[in-house]
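Enquirer: structure here, sequence nowhere to be found:
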């Protein structure tokens with residue numbers, strides 16, 4: 001009877017201790033790609049950013065357009081004693097038009113500023129898109145880790161329930177110890193408590209992912225596929241100049257720096273006057289005395305005189321220069337922070353990658369071998385029940401650590417992609 005129970009226990013342990021890392025299901029990449037597309041389609045922030053981009057693009061043509069002309073209708077020299085149009089020779093009906101023409105170069109600079117701003121807004125939209133992709137990936141990887149943990153806890157629970165029954169049978173037949181039964185029951189209770197905790201964590205993770213997908217918060221989410229595909233090839237590395245070209249955030253700042261420079265040049269141009277061209281036509285009626293009165297045509301050109309340039313135009317140039325310097329300083333600070341974050345993430349990625357390789361190629365194999373040794377010893381009575389349980393639990397704990405290291409790697413990779421401006425795997 002004891003040999004049968006021992007053999008049965010070893011078989012159960014062998015079947016349940018098959019390492020999870022041996023599974024491979026590339027379906028996870030497809031599911032994640034679908035979720036990212038759904039989030040990009042439904043995200044309200046991205047929709048708002050798209051509308052701001054369209055609005056900014058509409059401002060370009062406005063910036064380069066001339067000011068609206070001014071059309072004037074009037075009466076000239078109408079006598080108040082009779083209000084008659086045929087009494088005085090200078091009485092007439094006036095129509096005039098005036099158009100402001102900015103000093104050459106001002107419109108081009110205003111257009112450049114609007115184009116730079118539109119480009120910056122468009123790049124901000126791209127940055128928001130990358131942020132959404134990053135958030136979805138990290139939320140998905142959190143859910144993945146929770147699902148794998150819950151599966152392991154469920155398997156542990158099912159196994160311990162069988163081990164409890166086996167220990168009870170051995171104790172009832174006098175070949176086992178009561179402490180074996182109690183230890184197995186304690187471990188079972190701990191697993192039940194862990195399962196409740198992970199179920200709560202999954203509910204929170206599901207709500208977070210549903211929010212990113214613009215779904216109802218309580219919408220159920222199917223279990224994630226079992227295995228993430230981990231590339232052992234380190235992600236691509238980029239020079240600072242390449243980062244400036246890839247990262248939408250930095251490119252948006254460069255566009256705003258261009259806008260600030262154009263604003264300085266435009267402020268300098270404001271020292272030069274704008275021109276106002278005008279034309280008018282005055283229609284005169286034939287006088288009551290029979291004299292024919294010819295119509296009048298007049299034309300004018302005027303310009304504003306920068307008489308107070310010391311307090312206005314020069315001060316504006318100084319203002320725009322200071323704004324340009326402030327924008328340059330902010331850009332340098334953001335650029336330094338981005339580059340520092342990238343270096344930190346490179347080190348973090350390498351750490352997680354090595355941990356995954358260590359668990360997959362070393363620790364889990366060694367723990368499995370230790371469990372097999374304990375199984376063999378238990379069969380011949382050289383290893384007690386508690387040692388067997390401890391070895392088996394050690395394998396399960398290392399499997400969990402493997403999954404946590406795997407998801408930490410992918411989450412760090414998602415942050416690295418956001419920091420560098422896009423896909424980074426060759």
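Expert: Sure, I can see it. Note that the coordinates shown come from a computational prediction; the quantities given were computed from them, not determined experimentally. Numbering: from 1, shown residues only.
Enquirer: tally of neighbours for residue 72?
Expert: 11 (other C-beta atoms under 10 Å). (Glycine included, C-beta is placed from N, CA and C.)
Enquirer: in a strand, it, correct?
Expert: Yes - secondary structure assignment places residue 72 in a strand (DSSP: H, G, I helix; E, B strand; the rest coil).
Enquirer: so what pLDDT did it get?
Expert: The score at residue 72 is 96. That number is its pLDDT.
Enquirer: now swap in residue 168 and tell me
Expert: Confidence at residue 168, expressed as pLDDT, is 70.
Enquirer: ditto for residue 33
Expert: Value for residue 33, per-residue pLDDT: 88.
Enquirer: kindly report the same for residue 86.
Expert: pLDDT, read off for residue 86, is 88.
Enquirer: got it, and residue 21?
Expert: For residue 21, the predicted pLDDT is 43.
Enquirer: same question for residue 401.
Expert: 86.
Enquirer: so where does it fall, helix or strand?
Expert: helix 385-420 (DSSP states H and E).
Enquirer: check residue 366 too.
Expert: helix 364-379.
Enquirer: let me know the angle separating that helix from helix 385-420.
Expert: Counting by axes from the mean of the first three to the mean of the last three C-alpha atoms, to 10 degrees, helix 364-379 lies at 170 degrees to helix 385-420.
Enquirer: can you show me the helices along the stretch 201-350 of the chain?
Expert: Per DSSP state H, counting those that start in this stretch, the stretch 201-350 of the chain carries helices over the ranges 240-246, 248-269, 313-358.
Enquirer: the first one packs against which elements?
Expert: Think helix 240-246. Helix 240-246 makes packing contacts with helix 248-269, helix 313-358 when contacts are defined by 3 or more C-beta pairs under 8 Å, 6 or more residues apart in numbering; DSSP states H and E.
Enquirer: could you single out the most deeply buried of these?
Expert: Neighbour counts (mean count of other C-beta atoms under 10 Å) averaged over each of those peak at helix 248-269, with a mean of 20.
Enquirer: tell me what angle that helix forms with helix 313-358.
Expert: Using the same axes, to 10 degrees: helix 248-269 against helix 313-358 is 170 degrees.
Enquirer: before we move on, back to that, got TSV for the helices and strands packed on helix 240-246, with mean pLDDT and distance to residue 113 too?
Expert: Rendered in TSV, the data for the helices and strands packed on helix 240-246 read as follows (pLDDT from 0 to 100; distance: least, C-beta to C-beta, whole Å):
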stretch	mean pLDDT	distance to residue 113
helix 248-269	95	5
helix 313-358	93	11
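Enquirer: export those helices to a markdown table and append columns for distance to residue 32.
Expert: Formatted as a markdown table, those follow (distance: least, C-beta to C-beta, whole Å):
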| stretch | distance to residue 32 |
| --- | --- |
| helix 248-269 | 22 |
| helix 313-358 | 18 |
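Enquirer: select, out of the ones you listed, the one closest to residue 408.
Expert: For residue 408, the closest of the helices and strands packed on helix 240-246 is helix 313-358, at 4.8 Å, according to C-beta to C-beta.
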